[in-house]
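[1] build the 3D model from these lines:
(one chain, ligands or ions: 1)
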Amino acid sequence: MDIKSDVIKVAFFDAKAYDTNVFDIANRDFNFKITYFKGHLTPETAPLTQGFKVVCVFVNDVVNRDVIDILEHNGVVLIAVRAAGYNNIDLKAAFKRIPVVRVPAYSPYAVAEHAVGLMLVLNRKVHRAYYRTRDNNFTLNGLLGFDMHGKTAGIIGTGKIGKVAINILKGFKIRVLAYDVLPDKEFQKNAGFEYVDLNTIYRESDIISLHCPLTKDSYHLIDKKSIAKMKSGIMIINTGRGMLIDSKALIEGLKTGKVGFAGLDVYEEESDYFYEDFSNKVITDDVLARLLSFNNVMVTSHQGFFTQEALQSIAVTSLHNIRDFFAHQRLANEVCYKCGA
Ligand code: NAI
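    Numbers count the residues shown, from 1 in each chain. This is a model prediction of the structure:
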C-alpha cells in the first residue's frame, strides 16, 4: 500500500486537549492527517470512520465485534491503541481482518509512582489533612498512619510496572513478596524480593498492589474469597484494570473493616465516568458512589499514566506504529489473538 503520510487519515477517538497538544507536536515528524473526535469509539460512533485508514483509540473506547465489522466495512486497515492495555479490543474479532498495534511501554515509572503515591496518601490520610488545614483545623485526630518501613507488600504482576514498584518499595525497606504467572528470576536475584503463591501474598501482606493485566484468569482476582484470606486492615491498590477487583466484594470488605484502605486508579465500570466532568450531574452508578463515600478510599480517574514523559512517548510510539504499518515494516508492537503478545 503506497500511501503518502499526509493522505493517511487517522480517526482519533476520546480526544482531550492534552492529547491533541502532544499528538500535534509529535505528528510534525509524521504528517498524518489526524481528525480528533471528542467522543468514544462505540457501535454508535463507528460510522464516523468512513474514509479513515486508521483509528486511534484509548482504554475506554469500545472495540468489540460490532465496531470491528463497521471499521472493516468503512475501509479502516489499522487499529492503533494509544495504551499498553488492550482488554477493550476484541482481538478474536479483529484477527486476520484489522491488525492491532499498541504502546507496550511508555513510562512504567508514571504508573508505579502513582501506585506508591496512593499508598502514601491513604496511609498518612493526606487527602483528609488537605481539607482539614484549609478549614483552619490543625488537629491530628483520625490522621494516625503507620511506618511503611518493615511492612510487607504483595505485588501481583512483576512486569515493567510491577518491577518499578518493587524497586521503589525496596527503598522504603519494605519486605516485598510477589506473584507472577511468569516469574522473572533474573530480576528477582538483583531486586531482593520473594516470589510466592497468591495465598501467601494474601496471608502475609499489609499492602497489595495489582500490576497484572486483565485476562480471563485475572478477572475478579480480588473477590470475596481472596479478601477473606487477607490480613484485617489490608491496603489494596489497583492501578491495573478495574475488573481485577470485584467492587461489590471490596465494598463489603470496607464496610466490615477487613479492608482498611483502597487506592483505585481504575474501576470496573469506569468507561461511563472516567475522563468526564460529572460535577454538575448525578452519579447513577451506586457502586462507584458507595466507593467514593468511604474516607479510606482514594479514587483517581485512571491517571496513573498521566505524566508529560508518558504522553510524549505514547504519541511518538503510536505514530511510529502507524508509519511502520504503511511502510510494510515488521509491526513490533502488534497484538493479536494468536500472537501471544
Ligand atoms: P507487563 O506486560 O510488562 O507486565 C504484566 C505482568 O503481569 C507480566 O509479568 C505477566 O506475566 C504478569 N501476569 C499476567 N497475568 C497474570 C496473572 N493472572 N497473575 C499475575 N501476574 C500476571 O505490563 P505492565 O506494563 O507492567 O502493565 C501492567 C498493567 O498495568 C497493564 O496490563 C495495564 O492493565 C495496567 N496499566 C495501567 C495504567 C494506568 O494508567 N493506570 C497505564 C499502563 C498500564
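
[2] let me see the domain layout of this protein.
    5-106+307-326, 108-299 (automatic domain parsing).

[3] now render these as TSV, adding distance to Cys336.
    C-betas here are computed from N, CA, C, even on glycine. As requested, those are exported to TSV (distance: least, Cβ to Cβ, whole Å):
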stretch	distance to Cys336
domain 5-106+307-326	6
domain 108-299	15
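
[4] the ligand is nearest to which of those?
    Nearest of the domains of the chain to the ligand, taken as Cβ to the nearest ligand atom: domain 108-299 at 1.6 Å.

[5] sorry, back to before: would you mind giving the domains of the chain as TSV with distance to the ligand, mean neighbour count and mean pLDDT added?
    Shown next, in TSV, are the domains of the chain (distance: least, Cβ to the nearest ligand atom, whole Å; neighbours: other Cβ atoms under 10 Å; pLDDT from 0 to 100):
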stretch	distance to the ligand	mean neighbour count	mean pLDDT
domain 5-106+307-326	3	19	96
domain 108-299	2	17	97
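
[6] tell me the strands beside the helix or strand hosting Ile34, with direction?
    If you go by DSSP states H and E, Ile34 is part of strand 33-36. Take DSSP bridges as the rule and strand 33-36 pairs in its sheet with strand 9-12 (parallel).

[7] what's in contact with the partner strand?
    19-20, 23, 32-37, 48-49, 51-56, 76, 80, 322 (Cβ atoms under 8 Å, 6 or more residues apart in numbering).

[8] ok, Ala112 - contacts?
    Ile161, Gly162, Val164, Ala165, Ile168, His211, Thr239.

[9] for the strand holding Ile34, C-alpha coordinates in PDB please.
    Output in PDB follows, covering the C-alpha atoms of strand 33-36 (Å, rounded to 0.1, in the frame of the first residue of the first chain):
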ATOM      1  CA  LYS A  33      -4.000  13.700   8.700                       C
ATOM      2  CA  ILE A  34      -5.500  13.300  12.200                       C
ATOM      3  CA  THR A  35      -9.100  14.100  12.900                       C
ATOM      4  CA  TYR A  36      -9.900  14.400  16.600                       C
END
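
[10] the next helix or strand after it packs against which elements?
    Sequence order places strand 54-57 as the next helix or strand after strand 33-36, per DSSP H and E. Identification of packing neighbours for strand 54-57 by 3 or more Cβ pairs under 8 Å, 6 or more residues apart in numbering; DSSP states H and E yields strand 9-12, strand 78-81, helix 308-326.

[11] out of those, flag the one nearest Asn137.
    For Asn137, the closest of the helices and strands packed on strand 54-57 is helix 308-326, at 34.7 Å, according to Cβ to Cβ.

[12] where do the helices of the stretch 201-341 of the chain begin and end?
    For the stretch 201-341 of the chain, the helices defined by DSSP state H, counting those that start in this stretch occupy 224-228, 247-256, 286-293, 308-326.

[13] any chance of those helices in TSV, plus distance to Leu120?
    Converted to TSV, those look like this (distance: least, Cβ to Cβ, whole Å):
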stretch	distance to Leu120
helix 224-228	23
helix 247-256	19
helix 286-293	20
helix 308-326	20
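
[14] hmm, who's touching stretch 157-171?
    Against stretch 157-171 from outside (Cβ under 8 Å, 6+ apart): 105, 108-109, 111-113, 115-116, 148, 153, 155-156, 176, 178-180, 183-184, 187, 191-193, 195, 209-213, 239-240.

[15] about what we covered before: for Asn333, which of the domains of the chain is the nearest?
    domain 5-106+307-326 (4.8 Å).

[16] helix, strand or coil for Glu186?
    Here Glu186 is recorded as helix under DSSP: H, G, I helix; E, B strand; the rest coil.

[17] quick one: contacts for the spatially closest residue to Ala80 that is not a sequence neighbour?
    Spatial nearest neighbour of Ala80, chain neighbours left out: Cys56 (4.6 Å); criterion: Cβ to Cβ, 6 or more residues apart in numbering. Residues in contact with Cys56 (Cβ under 8 Å, 6+ apart) are Val10, Ala11, Phe12, Phe13, Ile34, Ala80, Val81, Arg82, Ser318, Ile322.
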